[in-house]
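A.B. asks: Task: produce atomic coordinates for the following.
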Amino acid sequence: MIAASFLEQFDLKLFTIDFISRFFINSLSVIALIKLIYFYIHKKSNYLFTFFSFNLIIFVISFLFNRVEMSMGAAFGLFAVFSMLRYRTESLDITEMTYLFLSIALGLLNAMIIANWYEIILIDLLILGFVLVFESKWVANHESSKKIIYDRLDLLAKADKTDLLLDLSSRTGYTIKKVEVESMDLLKDVAILIIYYKE
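C.D. replies: Down below sits the predicted model:
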């Protein structure tokens, strides 16, 4: 009796064909973006949970808000708030920020766009196609950067950076292409460098 009363009060209006189809399309799109493009190319798994979670949260919130009267300005305001979120303990690399933005954009787009399911699929495929093209080896050089603490200030003082690049490459195991000095601590005889290398 209690269970029947609970089921009568439970509102299933959310679980419409529209919601289920959009959720399915959104899930496939973000899986293709994160697993088949981002992870396959960059081989990083640190932020996979973050990308999927942000996409899911944005999709559900946007879909629910779309059921009530909501201005376009408010919708983009919500998008801006979520897209500007960062971790306090660690700043994201520009590549991770881009994929975070894309996962948020897919969630917002799939939840709020007024279109048929095949039009939503086409738009998602266009976005994924452009990402795949620009991440391909013919367009992108996949150069990564990393901050390190370096103790050979004598090599930094040389005008010729060949020895510096060779030393950094031998220590890190990366093929270093370029180095930038972010800061120096002359008391400790160390410097913070930004190294650029091919993945």
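A.B. asks: Strands along this structure, start to end?
C.D. replies: Secondary structure of the chain by DSSP state E: the strands cover 143-150, 176-185, 190-198.
A.B. asks: Pick the most buried one from the ones you listed.
C.D. replies: Scoring those by mean neighbour count under mean count of other CB atoms under 10 Å gives strand 190-198 as the most buried, with a mean of 16. Where C-beta positions appear, they are placed from N, C-alpha and C, glycine not excepted.
A.B. asks: Tell me which other helices or strands it touches.
C.D. replies: When contacts are defined as 3 or more CB pairs under 8 Å, 6 or more residues apart in numbering; DSSP states H and E, strand 190-198 sits against strand 143-150, helix 153-156, helix 162-172, strand 176-185.
A.B. asks: for the longest one, packing partners?
C.D. replies: For helix 162-172, the helices and strands in contact under the criterion 3+ CB pairs under 8 Å, 6+ apart are strand 143-150, helix 153-156, strand 176-185, strand 190-198.
A.B. asks: among the ones you listed, which gets the worst mean confidence?
C.D. replies: With a mean of 81, strand 143-150 has the lowest mean pLDDT of these.
A.B. asks: ok, residues contacting that strand?
C.D. replies: Residues outside strand 143-150 that contact it (CB atoms under 8 Å, 6 or more residues apart in numbering) are 93, 95, 156, 168, 172, 177, 182, 190-199.
A.B. asks: neighbouring strands for it, and are they parallel or not?
C.D. replies: Strand pairing for strand 143-150, determined by DSSP bridges: strand 190-198 (antiparallel).
A.B. asks: and the protein, what are its domains?
C.D. replies: Domain assignment for the chain, taken from automatic domain parsing, gives 17-135, 143-198.
A.B. asks: Pick the most buried one from those.
C.D. replies: Among the domains of the chain, ranked by average contacts under mean count of other CB under 10 Å, first place goes to domain 17-135 (a mean of 15).
A.B. asks: how far out from the middle of the chain is that domain?
C.D. replies: From the chain centre to the centre of domain 17-135 is a distance of 9 Å (CA atoms, centre = their mean, to the nearest Å).
A.B. asks: Same question for stretch 160-174.
C.D. replies: Centroid separation between stretch 160-174 and its chain, computed with CA atoms, centre = their mean, is 30 Å.
A.B. asks: Mind checking the pLDDT average for that stretch?
C.D. replies: Stretch 160-174 carries an average pLDDT of 86.
A.B. asks: quick revisit: export the helices and strands packed on helix 162-172 to a markdown table and tack on distance to I25?
C.D. replies: Below are the helices and strands packed on helix 162-172 laid out as a markdown table (distance: least, CB to CB, whole Å):
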| stretch | distance to I25 |
| --- | --- |
| strand 143-150 | 32 |
| helix 153-156 | 52 |
| strand 176-185 | 40 |
| strand 190-198 | 36 |
